[in-house]
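# Fold the following, please.
(2 chains, ligands or ions: 1)
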Amino acid sequence: MSDVVVVGSGVAGALVAWKLATAGASVTVLEAGPRIDRDTAVEVFRAAPAKVPESPYPNTAHAPRPSVLDIGIPGTGYFIQAGPDTFGSTYERIVGGTTWHWLGSTPRLLPTDFRMRSEFGVGVDWPIGYADLEPWYVRAERAMGVAGDPAQNGGSPRSAGFPMEAVPGSFLDSVVGAAAARIGLRVELTPQARNTETFNDRHHCVGNSNCIPICPIGAKYDALVHLDLAEEAGARVIANAVAFDLVLRADGSVSGVRYRRPDGSEATETGRAVVLAANAVETAKLLLVSNGGNGVANRSDQVGRNLMDHPIQLSWALSAQPVFPQRGPLSTSGIEETREATTRGERSAFRVEIANDGFRFPVGDPTVEFTETPDRASFVRLREGGRPLADRWRDHLSREVRFASLTEQLPDPANRVEPAFDQTDAIGIPRPRISFRVDDYVRDGMADAKVVHERLFEALGAAERNHSDIAFGAGHLMGTTRMGTDPATSVLDAEGRAHDVPNLWMVGSGVFPTCGTANPTLTLAALSLRTADALRRTLRSLPVA
Amino acid sequence: MARAERQGDPHSAAATVDPGVLLMLRRRTLLAALAGTGAAAAVTVWRASPAAAAVTVDEFMELSEVLTDKVADLRDDVGAQYLAFLRADPAFAAPLERLVAVVVRAEDPPRTFDELLDTGALDDPANAETARQVLILWYSGLVDGRTADYLEALAWSSQDFAEPASTPLGFPKWEDRP
Ligand SMILES: Cc1cc2nc3c(=O)[nH]c(=O)nc-3n(C[C@H](O)[C@H](O)[C@H](O)COP(=O)(O)OP(=O)(O)OC[C@H]3O[C@@H](n4cnc5c(N)ncnc54)[C@H](O)[C@@H]3O)c2cc1C
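Numbering: from 1, shown residues only, chains lettered A, B, ... in the order given. Here you go, the predicted structure:
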């Protein structure tokens, strides 16, 4: 029996657990996956033949998860893809969640992102505005440790500076920045949750150039920071505890959470309040499987719907002049002004991420460029070797540039997560069935992004230009339990409490009504702190379990 | 170029990947599982050569140094894995012996890749393909769908401007032109 049961130990759950535990509440965190040892995970990464985001981490039988190695292959993997398009984003199910392998970019949303309906006639408005969230952005930046340059605000006004000095831009950024300037575009430093000094008891970044999939020294923020602090403050974290049912009282409030262990045994953790923080796919699934499969907090029929990602336009080429990638944080700069595109409302805006990781995203780790696949030859040519081979490789590797533009998907009720009651995992829990369509609003935005990438390549004098026609997942799961003022069209109120269940709260980017073009984690962290504060204030008034 | 971080090879995630999966991945990813198979198919069958002593690790290392022009250090224990792989594949086993005959066992052998080219030994397609295969192994660090060596794979260690992913470069060196 606890005051608060938190489901999920990712950044959203960890921040809530930390805030409430330090405020004196008894907190239990149920986490589906196992604990991870960083050094072991680094060795597992090095030994893995495919260096993908999931490489360092286990895919357990009791807490399975998607992987980019199988996500697009019909009939395989964890997701059941109902189409018409593939949902291309993945996540981790381990203690600490997906920030183990996130990149760490932390732009804020723009003020207009909260008012898509009023400003542009599409999507919905948020129940809160930028000004409401701004002080929480400041708190989230301080908690996570965001390094940034306050003079480059990316269009999001700031009431305070950053807790750390900006991460220096890469040499590549300076080359791309000069090229961008020639075509009238401005490259800005990206705020990022990456230490430029000792912060949160963690070392500053020394350029291990491996933020995805694992920072070997923890210079990049991950949820362990606040999970550890929560545990120090008395929170209990139960690993390998897969929540599968929310227990309701006769009055419709929630009394606790049932969970299953790897051996199939079950237990119930009761609490005065329950906070779901299992990410937009798993939280929605948990709500829908609960109550005998009738669902919880779903009077609006919006649970699981409006699933959004930031579908990516991916482009890569060889710059005319060397840019020397593969050094430092995997991205240090971006183009932000395209996020305020004047065509918004007709077609998606986008944020251009400028990458320092060469072709790792489209092709793979540099080592992989030497292997052969059915549609790609090895870098090594016949009768080539020795010093000339090393020189040609240097010429190639030093000129690799890659852009990824994140588009803004609108909420569509048909894009949804449902439990596949007929297709369960190894411990009998339904897997997620995902219906997903990348519509013309996004496709047109991707086309615009491609034009910008092409102009940048032109300005760089780039050769071998490639533009993917696949809408890649950004790893950003948003929208399945959205906030709103009207209980008929939203799941949560403006503070993250379920309209239908007075002591049930949700955190994570599932609460976003629309998704803008900012990578979501800073925003979800700010909202999590805000929700934790609201929950703390009401906790005493809630009946004990 | 020895790296302080290097440790024993953990094997838990060194799973191989199903080639069928790879076909579907198109452009999506990577992968070394197939290294060499396409090449092997293209190799013409070679007439049986006169019996020769099996290639030793030392000989393979010497051949590898000539093929790579020693652009970076090569480790014997890694080379032994590559040698075992090549010897197990009929498309590579015999040509490998012929290359060793030219590069290691001959008198006045070639000392660089270009000198090897000049001997004409790579005019033979199977020999050329096998030489290419040796380079693929050293540069990728991958053999038979497994990682033999990541941190000292030549894709990284042949280049001085970058360090292998997961090893430190130093703050904030990425800012500067190397
Ligand atoms: C490759 C990649 C790069 C990314 N880069 C960025 C970036 O640069 N910037 C950015 O803002 N965002 C980025 N993201 C997104 C970021 O990782 C997520 O926004 C963030 O991790 C979400 O936090 P969360 O706590 O809501 O969910 P998660 O971190 O996914 O944590 C959810 C937790 O809930 C647990 N859980 C799930 N089901 C259950 C259950 N039934 N019972 C108990 N526990 C359960 C999971 O095991 C997990 O630990 C990236 C994502 C990916 C994949």
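# Strands of the stretch 101-250 of chain A, start to end?
With DSSP state E, counting those that start in this stretch as the criterion, the stretch 101-250 of chain A has strands at A:188-189, A:236-238, A:242-248.
# show me what contacts A:I427?
Applying Cβ atoms under 8 Å, 6 or more residues apart in numbering or on different chains to A:I427 gives the contacts A:A61, A:H62, A:V242, A:R260, A:P262, A:G264. Yep, even glycine has a C-beta here, placed from its N, CA and C like the rest.
# tell me the contacts of A:T407?
When the contact criterion is Cβ under 8 Å, 6+ apart, the partners of A:T407 are A:H310, A:P311, A:I312, A:Q313, A:S348, A:A349, A:F350, A:V442, A:G445, A:M446, A:A449, A:T517.
# Looking at these, which is nearest A:V544?
Nearest to A:V544 among these: A:H310, at 41.6 Å, using Cβ to Cβ.
# Could you measure from the closest one over to A:R482?
For A:H310, the distance to A:R482 equals 16 Å [Cβ to Cβ, to the nearest Å].
# just A:A239 next, same as before
Remark: distance between A:A239 and A:R482 (Cβ to Cβ) = 30 Å.
# So which of those two has more stuff around it?
Between A:A239 and A:R482, counting by other Cβ atoms under 10 Å in any protein chain shown, A:R482 is the more crowded of the two (27 against 17).
# Let me know whether that one touches A:F512 as I believe.
Yes. The criterion here is Cβ atoms under 8 Å, and A:R482 meets it with A:F512 at 6.7 Å.
# Quick one: residues contacting the most centrally placed residue in chain A.
In chain A, the centroid-proximal residue (Cα atoms, centre = their mean) is A:H476; its distance is 4.0 Å. Shown in contact with A:H476 (Cβ under 8 Å, 6+ apart): A:S89, A:M308, A:D309, A:H310, A:L406, A:S509, A:C515, A:N519, A:P520.
# most surrounded residue in these?
Within those, neighbour counts (other Cβ under 10 Å) peak at A:L406, which reaches 31 neighbours.
# For it, grab phi and psi.
phi -90, psi 120 (degrees, to the nearest 10).
# where does the nearest residue to it once chain neighbours are set aside land in three-state SS?
Once flanking residues are discounted, A:L406 sits nearest to A:H310: 3.7 Å by Cβ to Cβ, 6 or more residues apart in numbering or on different chains. Per DSSP: H, G, I helix; E, B strand; the rest coil, the local secondary structure of A:H310 is coil.
# A:H310 reaches A:Q409, doesn't it?
Yes. In this structure A:H310 lies within contact range of A:Q409 using Cβ under 8 Å: 6.8 Å.
# can I assume A:F359 is in contact with A:E369?
Yes. A:F359 is within contact range of A:E369, at 6.9 Å (criterion: Cβ under 8 Å).
# mind listing what B:E107 touches?
For B:E107, no residue meets the contact criterion (Cβ under 8 Å, 6+ apart).
# now A:T190: how far from A:R394?
Distance check for A:T190 against A:R394: by Cβ to Cβ, it reads 27 Å.
# One more: A:G386?
Distance, A:G386 to A:R394, by Cβ to Cβ: 13 Å.
# Neighbour count: those two, which is higher?
Taking other Cβ under 10 Å, A:G386 and A:R394 do not tie; A:G386 has more neighbours (21 against 18).
# Let me see the contact set for that one.
B:V66, B:L67, B:T68, B:D69, B:V71, B:T112, B:F113, B:D114.
# B:E59 belongs to a helix?
Yes. With three-state DSSP as the criterion, B:E59 is assigned to a helix.
# in the stretch 351-500 of chain A, which spans are strands?
A:400-407, A:416-424, A:430-436, A:463-467.
# export those strands to a markdown table and tack on distance to B:P172 and mean pLDDT?
Formatted as a markdown table, the strands of the stretch 351-500 of chain A follow (distance: least, Cβ to Cβ, whole Å; pLDDT from 0 to 100):
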| stretch | distance to B:P172 | mean pLDDT |
| --- | --- | --- |
| strand A:400-407 | 20 | 98 |
| strand A:416-424 | 41 | 98 |
| strand A:430-436 | 40 | 98 |
| strand A:463-467 | 29 | 98 |
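# Ranking the ones you listed by mean neighbour count, which comes first?
strand A:400-407 (a mean of 27; mean count of other Cβ atoms under 10 Å in any protein chain shown).
# Output that one as PDB - backbone C-alpha positions only.
Extracted as PDB, the C-alpha positions of strand A:400-407 are listed here (Å, rounded to 0.1, in the frame of the first residue of the first chain):
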ATOM      1  CA  GLU A 400      29.100  12.300 -44.900                       C
ATOM      2  CA  VAL A 401      26.200  14.700 -44.000                       C
ATOM      3  CA  ARG A 402      22.700  13.700 -43.000                       C
ATOM      4  CA  PHE A 403      19.600  15.800 -42.300                       C
ATOM      5  CA  ALA A 404      16.400  14.600 -40.700                       C
ATOM      6  CA  SER A 405      13.400  16.800 -40.700                       C
ATOM      7  CA  LEU A 406      10.700  16.100 -38.100                       C
ATOM      8  CA  THR A 407       7.200  16.900 -39.400                       C
END
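# thinking again about what came up before, which among the strands of the stretch 101-250 of chain A is found nearest to B:P178?
Closest to B:P178 of these, according to Cβ to Cβ: strand A:188-189, at 20.6 Å.
# Other residues contacting the closest one?
With Cβ under 8 Å, 6+ apart as the criterion, strand A:188-189 contacts A:148-149, A:152, A:154, A:166-167, A:169, A:173, A:332-336.
# number of nearby residues for A:D439?
For A:D439, the neighbour count with other Cβ under 10 Å is 15.
# Which residue comes closest to whatever residue of the stretch 401-545 of chain A ends up closest to the ligand once chain neighbours are left out?
Nearest to the ligand, among the residues of the stretch 401-545 of chain A, is A:G475, at 2.4 Å (Cβ to the nearest ligand atom). Distances taken as Cβ to Cβ, 6+ apart place A:S89 nearest to A:G475, at 4.8 Å, with adjacent residues excluded.
# correct me, but that neighbour touches A:S509?
No. Between A:S89 and A:S509 there is no contact under Cβ under 8 Å: 11.0 Å.
# Spit out the residues that contact those two alike.
Residues touching both A:S89 and A:S509 (Cβ under 8 Å, 6+ apart) are A:H476, A:L477.
# ok, now which ones touch the residue minimising distance to the centre of chain B?
Per Cα atoms, centre = their mean, the C-alpha nearest to the average position across chain B is that of B:L137, at 2.3 Å. With contact set as Cβ under 8 Å, 6+ apart, B:L137 has these partners: B:A35, B:Y82, B:F85, B:L86, B:V143, B:A148.
# same deal with A:P66?
By Cβ under 8 Å, 6+ apart, the residues touching A:P66 are A:G77, A:Y78, A:F79, A:S89, A:T90, A:Y91.
# For those residues, give me CSV that also has pLDDT.
Listed next are the contacts of A:P66 as CSV, based on pLDDT from 0 to 100:
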residue, pLDDT
A:G77, 94
A:Y78, 97
A:F79, 97
A:S89, 98
A:T90, 98
A:Y91, 98
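# Same list, the residues you listed, but as CSV with secondary structure and distance to A:V501 please.
As requested, these are arranged in CSV below (DSSP: H, G, I helix; E, B strand; the rest coil; distance: Cβ to Cβ, whole Å):
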residue, secondary structure, distance to A:V501
A:G77, coil, 32
A:Y78, coil, 28
A:F79, coil, 27
A:S89, coil, 28
A:T90, coil, 29
A:Y91, coil, 25
